[in-house]
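Enquirer: build the 3D model from these lines:
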Amino acid sequence: MVGQEISDVRLSTFLKILTIIAGIGLIALSVYKFTRLSFSGPRDFSLTVYYIIFGFLVFFGEMPCKCFISFFSFLGFYIGKAIFCFFLGTIIFYPSNIWYLILSIAFFTISAIYFVFALSCKNKLIDKDDNPKNIKSSEGSVPAPFSSSQINTNHI
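Expert: Below you'll find the predicted structure:
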(Lines give C-alpha, C1' and ligand atoms only; values in the text may rest on other atoms or scores of the structure.)
Protein backbone atom coordinates (compact mmCIF):
# COMPACT_ATOMS: atom_id res chain seq x y z
CA MET A 1 0.00 0.00 0.00
CA VAL A 2 2.81 2.42 0.83
CA GLY A 3 4.59 1.52 -2.43
CA GLN A 4 1.45 2.44 -4.37
CA GLU A 5 1.25 5.81 -2.60
CA ILE A 6 4.90 6.53 -3.39
CA SER A 7 4.43 5.63 -7.07
CA ASP A 8 1.32 7.87 -7.17
CA VAL A 9 3.41 10.72 -5.74
CA ARG A 10 6.11 10.10 -8.36
CA LEU A 11 3.51 10.15 -11.14
CA SER A 12 2.00 13.31 -9.70
CA THR A 13 5.42 14.96 -9.52
CA PHE A 14 6.21 13.92 -13.09
CA LEU A 15 2.86 15.32 -14.22
CA LYS A 16 3.56 18.62 -12.44
CA ILE A 17 6.94 18.91 -14.13
CA LEU A 18 5.43 18.08 -17.53
CA THR A 19 2.68 20.65 -17.01
CA ILE A 20 5.17 23.34 -15.96
CA ILE A 21 7.33 22.62 -19.01
CA ALA A 22 4.27 22.80 -21.29
CA GLY A 23 3.23 26.12 -19.73
CA ILE A 24 6.72 27.56 -20.15
CA GLY A 25 6.81 26.27 -23.72
CA LEU A 26 3.50 27.99 -24.49
CA ILE A 27 4.78 31.26 -23.04
CA ALA A 28 8.08 30.97 -24.93
CA LEU A 29 6.44 30.27 -28.29
CA SER A 30 4.03 33.16 -27.83
CA VAL A 31 6.74 35.63 -26.81
CA TYR A 32 8.83 34.47 -29.79
CA LYS A 33 5.87 35.13 -32.06
CA PHE A 34 5.53 38.62 -30.54
CA THR A 35 9.20 39.41 -31.12
CA ARG A 36 8.92 38.43 -34.79
CA LEU A 37 5.61 40.31 -35.18
CA SER A 38 4.33 37.51 -37.36
CA PHE A 39 0.58 37.91 -37.03
CA SER A 40 -1.76 37.03 -39.84
CA GLY A 41 -4.55 39.20 -38.46
CA PRO A 42 -6.36 40.37 -35.34
CA ARG A 43 -7.51 36.84 -34.51
CA ASP A 44 -3.93 35.57 -34.53
CA PHE A 45 -2.80 38.49 -32.38
CA SER A 46 -5.54 37.90 -29.78
CA LEU A 47 -4.81 34.15 -29.69
CA THR A 48 -1.15 34.90 -29.02
CA VAL A 49 -2.12 37.16 -26.11
CA TYR A 50 -4.37 34.38 -24.77
CA TYR A 51 -1.52 31.87 -25.13
CA ILE A 52 0.68 34.03 -22.91
CA ILE A 53 -2.07 34.50 -20.30
CA PHE A 54 -3.00 30.81 -20.29
CA GLY A 55 0.67 29.79 -20.18
CA PHE A 56 1.14 31.83 -17.01
CA LEU A 57 -2.09 30.35 -15.65
CA VAL A 58 -0.81 26.81 -16.25
CA PHE A 59 2.62 27.65 -14.79
CA PHE A 60 1.33 29.31 -11.62
CA GLY A 61 -1.42 26.70 -11.26
CA GLU A 62 1.28 24.15 -10.49
CA MET A 63 2.99 26.30 -7.89
CA PRO A 64 1.99 25.90 -4.21
CA CYS A 65 0.34 29.33 -4.04
CA LYS A 66 -3.01 29.13 -2.27
CA CYS A 67 -3.93 32.74 -3.05
CA PHE A 68 -3.59 32.05 -6.79
CA ILE A 69 -5.73 28.92 -6.59
CA SER A 70 -8.38 30.86 -4.68
CA PHE A 71 -8.91 33.02 -7.79
CA PHE A 72 -8.86 30.07 -10.18
CA SER A 73 -10.34 27.34 -7.99
CA PHE A 74 -11.01 24.98 -10.91
CA LEU A 75 -7.24 24.39 -11.05
CA GLY A 76 -7.46 22.87 -7.56
CA PHE A 77 -9.32 19.82 -8.88
CA TYR A 78 -8.15 17.07 -11.21
CA ILE A 79 -11.20 17.43 -13.44
CA GLY A 80 -10.70 21.21 -13.66
CA LYS A 81 -7.09 20.84 -14.76
CA ALA A 82 -8.08 18.08 -17.20
CA ILE A 83 -10.71 20.22 -18.90
CA PHE A 84 -8.44 23.29 -18.95
CA CYS A 85 -5.52 21.36 -20.48
CA PHE A 86 -7.88 19.82 -23.04
CA PHE A 87 -9.11 23.32 -23.90
CA LEU A 88 -5.52 24.52 -24.33
CA GLY A 89 -4.71 21.54 -26.51
CA THR A 90 -7.60 22.38 -28.81
CA ILE A 91 -6.86 26.09 -29.20
CA ILE A 92 -3.11 25.48 -29.69
CA PHE A 93 -3.63 22.75 -32.32
CA TYR A 94 -2.08 24.09 -35.51
CA PRO A 95 -0.86 21.29 -37.80
CA SER A 96 1.41 23.40 -40.01
CA ASN A 97 3.62 24.55 -37.09
CA ILE A 98 5.52 21.65 -35.52
CA TRP A 99 6.12 23.40 -32.17
CA TYR A 100 2.45 24.20 -31.63
CA LEU A 101 1.59 20.65 -32.67
CA ILE A 102 4.03 19.21 -30.10
CA LEU A 103 2.61 21.47 -27.39
CA SER A 104 -0.93 20.50 -28.35
CA ILE A 105 -0.10 16.80 -28.07
CA ALA A 106 1.57 17.46 -24.71
CA PHE A 107 -1.53 19.24 -23.39
CA PHE A 108 -3.79 16.45 -24.69
CA THR A 109 -1.59 13.88 -22.90
CA ILE A 110 -1.60 15.91 -19.67
CA SER A 111 -5.36 16.25 -19.95
CA ALA A 112 -5.82 12.50 -20.40
CA ILE A 113 -3.73 11.75 -17.31
CA TYR A 114 -5.68 14.28 -15.24
CA PHE A 115 -8.94 12.71 -16.46
CA VAL A 116 -7.68 9.31 -15.29
CA PHE A 117 -6.76 10.85 -11.92
CA ALA A 118 -10.19 12.48 -11.67
CA LEU A 119 -11.99 9.21 -12.37
CA SER A 120 -9.79 6.92 -10.28
CA CYS A 121 -8.74 8.86 -7.18
CA LYS A 122 -10.86 8.93 -4.05
CA ASN A 123 -9.81 12.47 -3.28
CA LYS A 124 -10.80 14.68 -6.21
CA LEU A 125 -8.96 17.64 -4.70
CA ILE A 126 -5.34 18.10 -5.75
CA ASP A 127 -3.16 17.95 -2.67
CA LYS A 128 -0.47 20.62 -2.77
CA ASP A 129 1.63 18.67 -0.25
CA ASP A 130 2.69 15.49 -2.06
CA ASN A 131 4.84 14.15 0.77
CA PRO A 132 3.98 10.43 1.18
CA LYS A 133 3.91 10.85 4.97
CA ASN A 134 1.08 13.37 4.68
CA ILE A 135 -1.14 11.42 2.29
CA LYS A 136 -4.47 10.67 3.90
CA SER A 137 -7.37 8.76 2.44
CA SER A 138 -10.58 10.69 2.12
CA GLU A 139 -13.63 8.96 3.43
CA GLY A 140 -16.91 10.71 2.88
CA SER A 141 -17.37 13.93 1.03
CA VAL A 142 -14.63 16.00 -0.53
CA PRO A 143 -14.05 19.30 1.29
CA ALA A 144 -14.05 22.63 -0.49
CA PRO A 145 -10.63 23.79 -1.70
CA PHE A 146 -8.49 25.08 1.14
CA SER A 147 -11.19 24.92 3.75
CA SER A 148 -10.46 25.09 7.46
CA SER A 149 -10.79 21.29 7.69
CA GLN A 150 -7.50 20.93 5.80
CA ILE A 151 -5.42 22.85 8.33
CA ASN A 152 -2.95 20.55 10.04
CA THR A 153 -3.26 20.96 13.81
CA ASN A 154 -0.89 18.14 14.76
CA HIS A 155 1.93 20.54 15.66
CA ILE A 156 -0.12 22.39 18.33
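
Enquirer: check the offset of the helix or strand bottoming out on mean pLDDT in the chain from the chain's centre.
Expert: The weakest-scoring helix or strand in the chain, judged by mean pLDDT, DSSP states H and E, is helix 66-71 (a mean of 71). Put simply, helix 66-71 sits 14 Å off its chain's centre (C-alpha atoms, centre = their mean, to the nearest Å).

Enquirer: show the secondary-structure elements that the lengthiest helix in the chain is packed against.
Expert: Longest helix in the chain, counting residues (DSSP state H): helix 2-36. Secondary-structure packing of helix 2-36 (3 or more C-beta pairs under 8 Å, 6 or more residues apart in numbering; DSSP states H and E): helix 42-61, helix 78-92, helix 98-120. No exception for glycine: its C-beta is placed from N, CA and C like everyone else's.

Enquirer: buried ones in the last one?
Expert: Right, the one you point to is helix 98-120. Using 16 or more other C-beta atoms under 10 Å as the test for burial, helix 98-120 gives 100, 103-104, 106-108, 110-111, 113-115, 117-118.

Enquirer: that helix - contacts with which helices or strands?
Expert: For helix 98-120, the packing partners by 3+ C-beta pairs under 8 Å, 6+ apart are helix 2-36, helix 78-92.

Enquirer: what about the helices and strands packed on helix 2-36, which gets the closest to L11?
Expert: helix 98-120 (7.9 Å; C-beta to C-beta).

Enquirer: quick one on the thing from earlier: turn the helices and strands packed on helix 2-36 into TSV, columns for distance to G23.
Expert: Shown next, in TSV, are the helices and strands packed on helix 2-36 (distance: least, C-beta to C-beta, whole Å):
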stretch	distance to G23
helix 42-61	3
helix 78-92	9
helix 98-120	9
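
Enquirer: next, format the ones you listed as JSON lines and append mean pLDDT and distance to F68.
Expert: Formatted as JSON lines, these follow (pLDDT from 0 to 100; distance: least, C-beta to C-beta, whole Å):
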{"stretch": "helix 42-61", "mean pLDDT": "87", "distance to F68": "5"}
{"stretch": "helix 78-92", "mean pLDDT": "90", "distance to F68": "13"}
{"stretch": "helix 98-120", "mean pLDDT": "90", "distance to F68": "18"}
